[in-house]
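Visitor: Predicted model and sequence below, questions to follow.
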Amino acid sequence: MRYLVISPCVDARTGKEFAAGDEFLPEPDTAQAERLIKAGCLDFIPDGAPLLPGTDHADAVVVDLRDQLARANDTIIGLNERVGQLTAANDDLAEAGKNIAAKLEAARNELIAATGDLNTLRAERDQLEQQVKDLTDNLKGEDGPAEPAAAKPAKQRS
């Protein structure tokens, strides 16, 4: 049977002092356990309860827990490194995205300017076509197409 120290006491057999929260080891004999329980120094530890620090069995548990803690710390370190890598990659992608956005904006502005130039040229073309049509209509006159003027003879040199 395992016993928990609930009030400081001394083991009469060994002279070992116990503080509240310690496990009373080595386990007392039945008469000593009854006396310490009546004095309010000990209480039963239920079967299956975790081992308390300072016991032989608990030392093995502590070693195992420390190994688990070391592995967890290694995992955390690895995850921190991976988070750092992912953060750097995210920053690189964000910067690339900004560059792409700037290029896209420049291309949009160039497209808007080119569309404006195209519309201006189309309007000028339309005006020129109208002027050609007007001139062609004027040259035809009401009686049909005008006759081309006769060419003047070239002057001869002497």
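Guide: Ah, there it is.

Visitor: Can you tell me how far D91 is from I112?
Guide: Distance of D91 to I112, given as Cβ to Cβ, to the nearest Å: 32 Å. Bear in mind the C-beta positions are built from the backbone N, C-alpha and C, glycine included.

Visitor: average model confidence for the longest helix anywhere in the chain?
Guide: When the chain is parsed with DSSP state H, its longest helix is helix 56-140. Mean per-residue pLDDT for helix 56-140: 88.

Visitor: list the helices and strands it packs on?
Guide: In this structure, helix 56-140 packs against no helix or strand, with contacts taken as 3 or more Cβ pairs under 8 Å, 6 or more residues apart in numbering; DSSP states H and E.

Visitor: How far off centre is that helix?
Guide: Relative to its parent chain, helix 56-140 has a centroid offset of 16 Å by Cα atoms, centre = their mean, to the nearest Å.

Visitor: got the contact list for A33?
Guide: A33 sits next to M1, Y3, E27, L42 when contact means Cβ atoms under 8 Å, 6 or more residues apart in numbering.

Visitor: That one should be in a helix, yeah?
Guide: Yes: with DSSP: H, G, I helix; E, B strand; the rest coil as the criterion, A33 is assigned to a helix.

Visitor: wouldn't E23 be in contact with K16 here?
Guide: No: counting by Cβ atoms under 8 Å, E23 does not reach K16; the two are 11.9 Å apart.

Visitor: Looking at these two, which is more packed in?
Guide: More neighbours surround E23 than the other of E23 and K16, with 20 against 13 (other Cβ atoms under 10 Å).

Visitor: Looking at the more buried one now. What's its pLDDT?
Guide: pLDDT at E23 comes out at 86.

Visitor: So for K155, what's the pLDDT?
Guide: For K155, pLDDT reads 62.

Visitor: brain fart, M1
Guide: pLDDT, M1: 80.

Visitor: OK, contacts around it?
Guide: E27, A33, F44.

Visitor: ok, what's across the strand from the last one?
Guide: F44 has these beta-bridge partners by DSSP bridges: Y3.
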